[in-house]
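Student: sharing a sequence plus its predicted fold:
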Amino acid sequence: YDSPSIGNVGACKLVKSGTVAEEVTCTAASTDYPMASAMVAGTKYLVVYCASACIVAMGAATSATVGVYVGAGQPTVFPVTVTGTAADDKAHVQSATAGAVVRFTRMAD
């Protein structure tokens, strides 16, 4: 008998002080913007939400060939590993829509 397993669970606990969020405005279309603050130790998930489609990358500038597509209006949860190196612990984003506001929510569990 094989016991069932659940892979790629995209949920985490909603707890007090466990959902620090930051908004990044993509002022110009198709231009890379990093988060202002690096993720802190203990962050396990990064939730990305934008009313417009965007692409995101961790620790690297987004471009035509770097980044993961996030659909418009679709909150997407990414498991993350905090490295302790500020530049590597910041997500980057760009959107083809000038003025798009991307909300990054760091979750501990």
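Tutor: Received, thanks.
Student: so where's this protein shaky on pLDDT?
Tutor: Applying pLDDT under 70 to the chain picks out residues 1-11.
Student: which stretches of it form strands?
Tutor: 19-26, 33-34, 45-50, 54-58, 68-70, 76-79, 91-94, 100-107 (DSSP state E).
Student: just those: most buried one?
Tutor: strand 91-94 (a mean of 24; mean count of other Cβ atoms under 10 Å). For every residue, glycine as well, the C-beta is placed using N, CA and C.
Student: H92 and D109, how far apart?
Tutor: 24 Å (Cβ to Cβ, to the nearest Å).
Student: then G84?
Tutor: G84 is 19 Å from D109, by Cβ to Cβ.
Student: before we move on, what about V80?
Tutor: For V80 relative to D109 (Cβ to Cβ), the value is 12 Å.
Student: okay, those two: which has more neighbours?
Tutor: Taking other Cβ atoms under 10 Å, V80 and D109 do not tie; V80 has more neighbours (17 against 12).
Student: related to what we said a few turns ago, now the strands of the chain as TSV including distance to K13?
Tutor: Shown next, in TSV, are the strands of the chain (distance: least, Cβ to Cβ, whole Å):
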stretch	distance to K13
strand 19-26	9
strand 33-34	27
strand 45-50	10
strand 54-58	22
strand 68-70	22
strand 76-79	12
strand 91-94	21
strand 100-107	8
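Student: hang on, V20 packs against T105?
Tutor: Yes - under the criterion of Cβ atoms under 8 Å, V20 makes contact with T105 at 7.2 Å.
Student: skip the chain neighbours and tell me the closest residue to P79.
Tutor: With Cβ to Cβ, 6 or more residues apart in numbering as the criterion, P79 has its nearest non-adjacent residue at 5.8 Å, and that residue is Y45.
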